[in-house]
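# please work out how this folds:
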Amino acid sequence: MPTIVVNVMPKAELLDPQGKATTGALARLGHEKFQNVRIGKRFELTVDGPVTDEIKAEVRELAEQVLSNSVIEDVVSIDFGDGSVASGSAE
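So this is what the prediction gives:
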């Protein structure tokens with residue numbers, strides 16, 4: 001059964017409070033070389049059967065309309081588990 005992976009990140013122009021807190025924690029732990037940590041979400045969807053063009057279209061729609069909040073987040077990639085990856089906007 002293939003697993004489709006959808007990665008969602010906060011929009012670059014918006015503050016990422018979790019990322020900012022993690023950046024500060026890393027610095028306090030002596031890891032100052034890592035700056036501007038951003039924290040996103042990863043969704044794994046298992047498909048029963050092959051990943052068809054219809055499934056890909058449905059996942060793109062789900063990624064944009066259900067799995068992400070388009071006001072504050074971007075879908076940065078969708079890995080369909082069959083060697084194909086959609087990057088950037090999931091359209």
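
# output the below-cut-off pLDDT ranges for the protein.
Applying pLDDT under 70 to the chain flags residues 88-91.

# quick one: the strands in it?
For the chain, applying DSSP state E gives strands covering 3-10, 41-46, 73-79, 85-87.

# go ahead and measure how far the last one is from the middle of the chain.
Distance of strand 85-87 from the chain centroid (Cα atoms, centre = their mean, to the nearest Å) equals 11 Å.

# swap in stretch 14-31?
So, by Cα atoms, centre = their mean, the centroid of stretch 14-31 is 19 Å from its chain's centroid.

# next, the buried residues of that stretch.
16, 19, 23 (16 or more other Cβ atoms under 10 Å). C-beta coordinates here come from the backbone N, C-alpha and C atoms, glycine included.

# residue contacts, the second one?
I take that to be G19. 10, 36-39 (Cβ atoms under 8 Å, 6 or more residues apart in numbering).

# filter those residues down to the buried ones.
Judged by 16+ other Cβ under 10 Å, buried ones among these: P10.
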